[in-house]
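**Q** Any chance you can model this:
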Amino acid sequence: MGAGRSTWVDAWIQSAALNVTPTSDDVSGKWVTDRFRIIPRSVELSFSSASCVWQPNEAELKLSPTDDRSKQSSMKILVLRGGALGDLILTLPALAGIRKGYPNAFIELWGRFPQAELAQPQYVDRVRDLDRAETAQLFVKQKRPPQIGSFDLAVSFLSDPDATVAVTLRAAGILRVVSVSPMVQGGQHASDQFADALDQLELPRPGSPVLIQVTQAPVTQRRLAFHIGSGSDKKNWPLTCWSELIRSLADDFDEFLLIGGEADTVRLKEFKARYGSLRLRILHNAGLGTLASELAASLVFIGHDSGVTHLAAAIGRPTIALFGPTDPQIWRPLGSQVRVVASLDRKMESIRVQDVERALATLLAPSS
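**A** Reported below is the predicted structural model:
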């Protein structure tokens, strides 16, 4: 894709619209930038005619849309979710369903920072660090009940093969504990497996992906953002392919934003040495808030099976995800503007530059 092929890019810019909302909070005199507001895109959740039943041991508390909301307003829900950035994003549909099902309950999420903050304030009311010292008591059988706060319901997405966490939560006085394994099995998308929590709670599942909305001005330039790393070398497209792709797109974009994390330092240096364009800008080890804002200001994103790719798709950016050894039927990013380019032999080097170019042209082509 070279000179004369930017018509579809310009047309897409004219038709694109990015809704943004200021979300920074002033906490203890420090400006918090890793704070987001998450909204569902065309998500319509409705209750079935049957009431949703919450059973705290022998007692039974029925919650339905016609119940007095004062009952829910005093309810406290604890959600536990470990994992990396992509894992948290793929759990957002489950969190959306819980928030919709219990709109007046106080929901607290214990997760890994900074990604856990993505869920606040739209789906949870408070976020705490799962890695803090006092949470270690959840994973060890206790002679005395641990003091973890007063909650009526706990939803755990933690690995708990011997049910130690579930037993500990009940011992702490939580009447209802719902457990969903974070170990994803084949045959179903990961987000659907995590949404099993909603089935256990007799709540409807969201019908569409959720969006993470960040503070950012509308897209005003032709910027392509791309991430050349991932959590595994086997999931990375060869640098020679990346270099060839960017060179072929030189006349179609005003700027190329190269994204890399701490583990991508060597690859970033190697790519810069290969390409070295004045229109190449590198975003290295950026905070989650900065990364999200930069992605939101980009026209399109291309990346591997990684948390950054999931974030770009969740923000609503047109996204191309390159898949090799992992299964896109399970791990593909969620979103209506996502295209997957998958290797037939599960090897990243088998993905051709022309395949990515074709996907890009299709993704950004003006809708008829």
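**Q** what's the neighbour count on the closest residue to Pro333 other than its chain neighbours?
**A** Distance criterion C-beta to C-beta, 6 or more residues apart in numbering; nearest residue to Pro333, sequence neighbours excluded, is Ala313 at 3.5 Å. Just so you know, the C-beta spots here come from the backbone N, C-alpha and C atoms, and that holds for glycine as well. The number of residues packed near Ala313 is 27, by other C-beta atoms under 10 Å.
**Q** Helix or strand: which one has Ala313?
**A** Secondary structure from DSSP states H and E places Ala313 in helix 307-315.
**Q** now Arg339
**A** strand 338-342.
**Q** what does the helix holding Ala313 contact?
**A** Helix 307-315 is contacted from outside by 84-87, 89-90, 92, 115, 209-214, 225, 227, 231, 259, 261, 291-292, 295-296, 298, 301, 303, 319, 321, 333-335, 337-338, using C-beta atoms under 8 Å, 6 or more residues apart in numbering.
**Q** Walking through the stretch 1-150 of the chain, point out its helices one by one.
**A** Shown for the stretch 1-150 of the chain, the helices assigned by DSSP state H, counting those that start in this stretch span residues 7-15, 69-73, 85-101.
**Q** From the chain's centroid, how far away is the longest one?
**A** Computed by C-alpha atoms, centre = their mean, to the nearest Å, the separation of helix 85-101 from the middle of its chain amounts to 9 Å.
**Q** which helices and strands sit right next to that helix?
**A** strand 37-40, strand 76-81, strand 106-111, helix 190-194, helix 196-200, strand 210-213, helix 307-315 (3 or more C-beta pairs under 8 Å, 6 or more residues apart in numbering; DSSP states H and E).
**Q** when you compare where that helix runs with where helix 307-315 runs, what's the angle?
**A** Following axes from the mean of the first three to the mean of the last three C-alpha atoms, to 10 degrees, one obtains 30 degrees for the angle between helix 85-101 and helix 307-315.
**Q** can you tell me the average pLDDT over helix 85-101?
**A** Per-residue pLDDT over helix 85-101 has a mean of 95.
**Q** What of the shortest one?
**A** This predicted structure assigns helix 69-73 an average pLDDT of 54.
**Q** Stretch 351-362 too?
**A** 97.
**Q** what's the closest non-adjacent residue to Thr135?
**A** Using C-beta to C-beta, 6+ apart, the nearest residue to Thr135 is Trp110, at 6.5 Å.
**Q** quick revisit: relative to the whole chain's centre, how far out is the helix or strand just after the strand holding Arg339?
**A** Next helix or strand after strand 338-342 toward the C-terminus (DSSP H and E): helix 353-364. Distance of helix 353-364 from the chain centroid (C-alpha atoms, centre = their mean) equals 24 Å.
**Q** Helix 353-364 versus strand 338-342: what angle between them?
**A** Using the same axes, to 10 degrees: helix 353-364 against strand 338-342 is 170 degrees.
**Q** export helix 353-364 as PDB, just CAs?
**A** Taking C-alpha atoms only, helix 353-364 is exported to PDB below (Å, rounded to 0.1, in the frame of the first residue of the first chain):
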ATOM      1  CA  VAL A 353       2.500  -8.500   4.900                       C
ATOM      2  CA  GLN A 354      -0.100  -8.500   2.100                       C
ATOM      3  CA  ASP A 355      -2.600 -10.200   4.400                       C
ATOM      4  CA  VAL A 356      -2.200  -7.400   7.000                       C
ATOM      5  CA  GLU A 357      -2.500  -4.800   4.300                       C
ATOM      6  CA  ARG A 358      -5.700  -6.300   3.000                       C
ATOM      7  CA  ALA A 359      -7.200  -6.500   6.500                       C
ATOM      8  CA  LEU A 360      -6.300  -2.800   7.100                       C
ATOM      9  CA  ALA A 361      -7.900  -1.700   3.900                       C
ATOM     10  CA  THR A 362     -11.100  -3.600   4.700                       C
ATOM     11  CA  LEU A 363     -11.200  -2.300   8.200                       C
ATOM     12  CA  LEU A 364     -10.900   1.300   7.300                       C
END
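**Q** And this protein, what are its domain boundaries?
**A** Domain assignment for the chain by automatic domain parsing gives 7-19+213-364, 50-211.
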